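Participant: Structure, please.
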Amino acid sequence: VQTYGKYLSLKSMVMFGGVNINPQIKSLRGSVDILVSTPGRLLDHVGQKTLDLSAVEILILDEADRMLDMGFIRDIKKILVLLPKKRQNLLFSATFSEEIKTLADGLLNNPGFVEVARRNTTSELVAQSVHMVAQKLKSHLLSHLIKHNDWKQVLVFTRTKHGANRLAEKLNADGIPAAAIHGNKSQSARTKALAQFKDGSMPVLVATDIAARGLDIDMLPHVVNFELPNVPEDYVHRIGRTGRAGSNGAAISLVDSEEMDHLKNIERLIKTQIPRIAIDSFVPPTHIPVEAPRPPRPQHGQKRHSNTTGGNRPPREGQPARDGQAPRNPDAARRNQRTGTGPARPGQPPARPGAAPARPAQPRTTPQKPMSEAARHQAMPQPALFSPRPAARRGK
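Facilitator: Coordinates of the predicted model:
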């Protein structure tokens, strides 16, 4: 906005959460022609009565599918209520799924649809490639690619916040300066990391899909999918960070064998088979430290059990001895050994000799297809945005 409006008599400002709100309040006291804001901070100012939206003429939702897909739908609806009914709405997006289109139709009045490029397509200026590699070797291959090719600016995508932190730590340990940005990072930390990435002092930026939303980096040469996204449309958004404004770019995906289904879904969406490329110069390390798996958490309502045998506590009657202990009732133990049965519980018939104990029936589960936030939003019953306050209960 500032670049294209440099020689126009328009005043613009930007505001977002995570920073002090007072400077924003001060800037809003003057006239503002173009306001760029996140939904949450916009509603904060409305709540503090420092912003009046009754005279808005044009509403623009940039990256509309991400705006509606990532939990902002309720904030958007609240903002729409505050705007004048007569206005123009513009929605811009690189991808537009059917679920998002249905939501958009509910927000707009007889909308027109303009396609600059074919839906869910990638730029021809972006060279896409896939490297098949085991999950445990991905960080080593990424370090090799950065060092061997002397990459100066790389945006790496991971699925989780923990994965972003862990990968940044591994790259730093390999002598490659890297920083992670995600929702758990403060706004100041994200701003600092992005500034270092843009000026070249931080060559690698590891990000999640949500944290990278809205990133605009001039002439970004390389985007790496350390892990493929669960939703195919996210792949289009990721690699769309490179190959902008007529410049060439490269999108490299590190794919484990367990991610082949995700890869097939992506290729089906973009109607292109991404070439598989082997890295002959990459020699895996001979020793790879194995991370100890975390113990599973007990399910809700279950008690934690100790690994000990309870000291010198003897086993129950009829049960075989453990750790050299003798059974409480040797005669019962010998009888059970001959018949292959144990004492029946109260209210149950005794088991037949030699019969194997019946296993409880296991519930059958079917693999669930990844759903976007928009699809889950449609499947769930929607309460009213503004519910009447319940009547006060009378005292007895």
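
Participant: A helix includes Gly252, no?
Facilitator: One thing to correct before we go on: residue 252 is Ile, not Gly. No. Secondary structure of Ile252 (DSSP: H, G, I helix; E, B strand; the rest coil): strand, not part of a helix.

Participant: pLDDT score assigned to it?
Facilitator: pLDDT recorded at Ile252 is 97.

Participant: Next: Ile73.
Facilitator: 80.

Participant: Just give me the neighbour total for it.
Facilitator: 19 (other C-beta atoms under 10 Å). No exception for glycine: its C-beta is placed from N, CA and C like everyone else's.

Participant: low pLDDT regions in the stretch 151-300 of the chain?
Facilitator: Low-confidence segments of the stretch 151-300 of the chain, defined by pLDDT under 70, are located at 211, 213-214, 286-300.

Participant: same thing but at 80, please
Facilitator: 210-216, 218, 244-246, 281, 283-300 (pLDDT under 80).

Participant: And the strands in it?
Facilitator: 154-157, 178-181, 204-207, 222-225, 249-255 (DSSP state E, counting those that start in this stretch).

Participant: which strands and helices sit next to the last one?
Facilitator: Contacting strand 249-255 under the criterion 3 or more C-beta pairs under 8 Å, 6 or more residues apart in numbering; DSSP states H and E are the following elements: strand 126-132, helix 138-149, strand 222-225, helix 232-239.

Participant: As JSON lines, these with distance to Gly5 and mean neighbour count would be great.
Facilitator: What follows is the helices and strands packed on strand 249-255, written out as JSON lines (distance: least, C-beta to C-beta, whole Å; neighbours: other C-beta atoms under 10 Å):
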{"stretch": "strand 126-132", "distance to Gly5": "29", "mean neighbour count": "18"}
{"stretch": "helix 138-149", "distance to Gly5": "38", "mean neighbour count": "18"}
{"stretch": "strand 222-225", "distance to Gly5": "29", "mean neighbour count": "24"}
{"stretch": "helix 232-239", "distance to Gly5": "26", "mean neighbour count": "23"}
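
Participant: Include distance to His45 when you put the ones you listed into TSV, please.
Facilitator: TSV is the format used below for the helices and strands packed on strand 249-255 (distance: least, C-beta to C-beta, whole Å):
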stretch	distance to His45
strand 126-132	38
helix 138-149	42
strand 222-225	34
helix 232-239	28
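
Participant: Indicate which one of the ones you listed is closest to Gly18.
Facilitator: Set against Gly18 and scored by C-beta to C-beta, those come closest in helix 232-239, at 22.1 Å.
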